[in-house]
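Enquirer: need a 3D model of the sequence below.
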Amino acid sequence: MRIITIIMSSLSGLLLLAVLICGLWIKTQKATLAVPDEAINFHINLGVATVVITLLTIGLLYFKAMRS
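Expert: The predicted structure follows:
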């Protein structure tokens, strides 16, 4: 259970960092160039995956805390 928690927490952190970087990239590119729809769809999917993984991690940590 501890290994799963570490993996999920690391994955959540990396995905949140990626969404932040991608969001800033889109913001800067929209001002200067047209951002392709594929790029926007990819970043939307990345954002949704981040939310799902983060909620699963929070749920896992909550379950672990209630068990102790």
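
Enquirer: where in this protein is pLDDT low?
Expert: Scanning the chain for pLDDT under 70 picks out 30-31.

Enquirer: check which helix or strand covers the residue positioned nearest the centre of it.
Expert: Using Cα atoms, centre = their mean, the residue of the chain that lies closest to the mean C-alpha position is residue 50, 2.5 Å off. Using DSSP states H and E, residue 50 falls within helix 37-67.

Enquirer: list the buried residues in that helix.
Expert: For helix 37-67, burial by neighbour count (16 or more other Cβ atoms under 10 Å) applies to 43, 47, 50, 53-54, 57. Any C-beta I mention is one placed from the backbone N, CA and C, and that applies to glycine too.

Enquirer: now distance to residue 9 too, for those residues, in a markdown table please.
Expert: A markdown table is the format used below for the buried residues of helix 37-67 (distance: Cβ to Cβ, whole Å):
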| residue | distance to residue 9 |
| --- | --- |
| 43 | 23 |
| 47 | 19 |
| 50 | 13 |
| 53 | 10 |
| 54 | 10 |
| 57 | 6 |
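
Enquirer: what's the neighbour count on the closest residue to residue 46 other than its chain neighbours?
Expert: Spatial nearest neighbour of residue 46, chain neighbours left out: residue 19 (5.8 Å); criterion: Cβ to Cβ, 6 or more residues apart in numbering. Neighbour count of residue 19, defined by other Cβ atoms under 10 Å: 18.

Enquirer: same for the strand or helix carrying residue 26, what does it pack against?
Expert: Assigned by DSSP H and E, residue 26 belongs to helix 2-32. Secondary-structure packing of helix 2-32 (3 or more Cβ pairs under 8 Å, 6 or more residues apart in numbering; DSSP states H and E): helix 37-67.
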